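Engineer: Build me a model:
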Amino acid sequence: MRKLALIFILVALLSLLVACGSKGVDRGKAVKSAPAGNNLTVTLSTPDGVLHHGNGQTFMLSFTDASGKTVEVGAAALTFHMPAMGAMGAMNNASTLTTTNTPGVYRGLANVEMAGEWQAQVTYEGPAGRGQVSLPVTAQ
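Structural biologist: Modelled structure (predicted):
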């Protein structure tokens, strides 16, 4: 009787884990989206939908098709770029991207040096082809 109860509990827990894992990664709220070629859309998102300046800005970068399904793009990179203004030189803040359990969704970490207008420059290369896109974003 105890073995049967233990098996039932294990099956229930396994079912719960599978159901929770099938939802994918929480991508947060979109900061900006743009077409990325090959019928893809790239979306930069944060937990609150706002890009914040400072060290340790976390974000998600996702690639989706026309139906909204995530698409594996292979290698991806994102750099925050602010052009030179007056005596201030151009700034390029590279981010670190890591893959998630959901193909086409990357977790990112960056140091966005200051508040203001930035270009989130995204490049990718892999199964979905090769491409690049620039997203205008405002860091607060």
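Engineer: And Leu51, how far from Gln132?
Structural biologist: In this view, Leu51 and Gln132 are 19 Å apart by CB to CB, to the nearest Å. From N, CA and C alone the C-beta is placed, and that goes for glycine too.
Engineer: And those two? Which one has more around it.
Structural biologist: Between Leu51 and Gln132, Leu51 has the larger neighbour count (other CB atoms under 10 Å), namely 22 against 13.
Engineer: Surely the more buried one is in contact with Gln140?
Structural biologist: Yes. The criterion here is CB atoms under 8 Å, and Leu51 meets it with Gln140 at 6.9 Å.
Engineer: Now list whatever residues contact both of those two.
Structural biologist: Jointly contacting Leu51 and Gln140 under the rule CB atoms under 8 Å, 6 or more residues apart in numbering is no residue at all.
Engineer: Which of the residues in the strand or helix carrying Gln132 are classified as buried?
Structural biologist: Assigned by DSSP states H and E, Gln132 falls within strand 129-139. Neighbour-count burial for strand 129-139 flags Gly131, Val133, Leu135, Val137, Ala139 (criterion: 16 or more other CB atoms under 10 Å).
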